[in-house]
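Novice: One predicted model, sequence on top.
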Amino acid sequence: MKIIKLTTYRVPPRWMLLKIETDEGVVGWGEPVIEGRARTVETAVQEMEPYLIGQDPSRINDLWQTMYRAGFYRGGAILMSAIAGIDQALWDIKGKVLGKPVYELLGGLVRDRMKMYSWVGGDRPSDIIEQIRTLQKGGFNTFKMNGTEELGMLDTSAKVDEAVRRVAEIREAFGTTIEFGLDFHGRVAAPMAKTLLRELEQFRPLFVEEPVLAEQAEYYPRLAEMTSIPLAAGERMYSRFEFKNVFAAGGLSIVQPDLSHAGGITECLKIASMAEAYDITLAPHCPLGPVALAACLHVDFVSYNAVLQEQSMGIHYNKGGELLDYVVNKEDFKIVDGFCNPLPKPGLGVVVDEERVIEASKNAPDWRNPVWRHEDGSVAEW
Ligand SMILES: O=C(O)C(=O)C[C@@H](O)[C@H](O)CO
Ligand SMILES: [Mg+2]
């Protein structure tokens, strides 16, 4: 069997789907994308084509290593997202050829169902209580929200009080009937992280995500020393070579590689396994589409240390498109009591509605995150 064609489809809300075709008619789908840089990743996928066209798609490991090493420069958000989506599609092809879901090719199930969580509150966290109440009815009991709005590198007690009040209200309303993670989203600089973590500790959030920016990872062990709140990060780290230094330095309790940014199933499986050796749990980042989520679930179902899975249904980014819009087998993604079952169909287990994808790709938006500014006019971390 040989790879004969790669086709990318940028689609609303902000995703990109990749179709890899073979000379025997087997097709694989992947989701290579960096939110806000879809066109750049699309070009990176096109630049990877010479390593793929005419090659045997079953040789995923050799194709992965060639895409990673043969171009001399390596790593980073764009190249690793391109490789990620291609890798997903290759695993999809392999599973379809062998008639098995990907998790079977990776050693089989380590659990029967996977715990999912839902975003609430939007870019500037609001209406959280109501949104949690609504999602509870749908069976969710684990949530994530932004921990703050814009925050200066050194900011006021009033801003700290605002962040703490929001969390206090959640605990007041729900007690310990729910759990919630706080995403600092890189908005909190090191000078403010300690204060916020100390003030929030009394409410025992399930985790604090990106407590500081990924480029400040050396603070993870120092922050972990001063708080009992589990620290989570990973969406802005792109290969096991980045994660190894963070694991060795300590401080992370939860690692959140993104299956569409960190080299795909082949790489994230290795990251998950490295994390397990450090007693670090796995909670793949996935504010994206159905193929990305499917890739996450296959890694979750074979990784002992997988504890939580993000999914984008109802997320504030999904304007103009929703998680299952491009999926035919929507029922396979059903979330019951906050859990998802293994995807049973061969490959990644996503039956893509190709007509819908092609139609939607005709007027795909160039999604960009907003550019925020502090009151002094300087750019703020979004
Ligand atoms: O889901 C998360 O944890 C995020 O921090 C969302 C962020 O990654 C946006 O997708 C960037 O556009
Ligand atoms: Mg995040």
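Specialist: Arrived safely. Ligands and ions are numbered 1, 2, ... in the order given.

Novice: Enumerate the residues of the stretch 151-300 of the chain near ligand 2.
Specialist: Selection of the stretch 151-300 of the chain residues close to ligand 2 by Cβ under 5 Å from the ion yields Asp183, Glu209. In this view, the C-beta of every residue, glycine as well, is placed from N, C-alpha and C.

Novice: all strands of the stretch 151-300 of the chain, in order?
Specialist: Secondary structure of the stretch 151-300 of the chain (DSSP state E, counting those that start in this stretch): strands at 179-183, 207-209, 231-233, 254-255, 281-282.

Novice: Including mean neighbour count and mean pLDDT, could those strands go into a markdown table?
Specialist: Converted to a markdown table, the strands of the stretch 151-300 of the chain look like this (neighbours: other Cβ atoms under 10 Å; pLDDT from 0 to 100):
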| stretch | mean neighbour count | mean pLDDT |
| --- | --- | --- |
| strand 179-183 | 23 | 98 |
| strand 207-209 | 25 | 98 |
| strand 231-233 | 26 | 98 |
| strand 254-255 | 25 | 98 |
| strand 281-282 | 23 | 99 |
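
Novice: Adding distance to Pro346, write the ones you listed out as TSV.
Specialist: Below are these laid out as TSV (distance: least, Cβ to Cβ, whole Å):
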stretch	distance to Pro346
strand 179-183	33
strand 207-209	34
strand 231-233	33
strand 254-255	29
strand 281-282	24
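
Novice: This protein: helices as residue ranges?
Specialist: Assigned by DSSP state H, the helices in the chain fall at 38-48, 60-69, 77-98, 102-105, 128-137, 157-174, 190-200, 219-226, 240-249, 264-277, 290-300, 354-361.

Novice: Need the winner for burial among these.
Specialist: helix 290-300 (a mean of 29; mean count of other Cβ atoms under 10 Å).

Novice: Tell me what angle that one forms with helix 77-98.
Specialist: 70 degrees (axes from the mean of the first three to the mean of the last three Cα atoms, to 10 degrees).

Novice: one step back: redo the helices of the chain as TSV? Include distance to ligand 1 and mean pLDDT.
Specialist: Output for the helices of the chain, formatted as TSV (distance: least, Cβ to the nearest ligand atom, whole Å; pLDDT from 0 to 100):
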stretch	distance to ligand 1	mean pLDDT
helix 38-48	11	98
helix 60-69	23	98
helix 77-98	11	99
helix 102-105	23	98
helix 128-137	15	94
helix 157-174	16	96
helix 190-200	16	97
helix 219-226	16	98
helix 240-249	16	98
helix 264-277	15	98
helix 290-300	11	99
helix 354-361	19	98
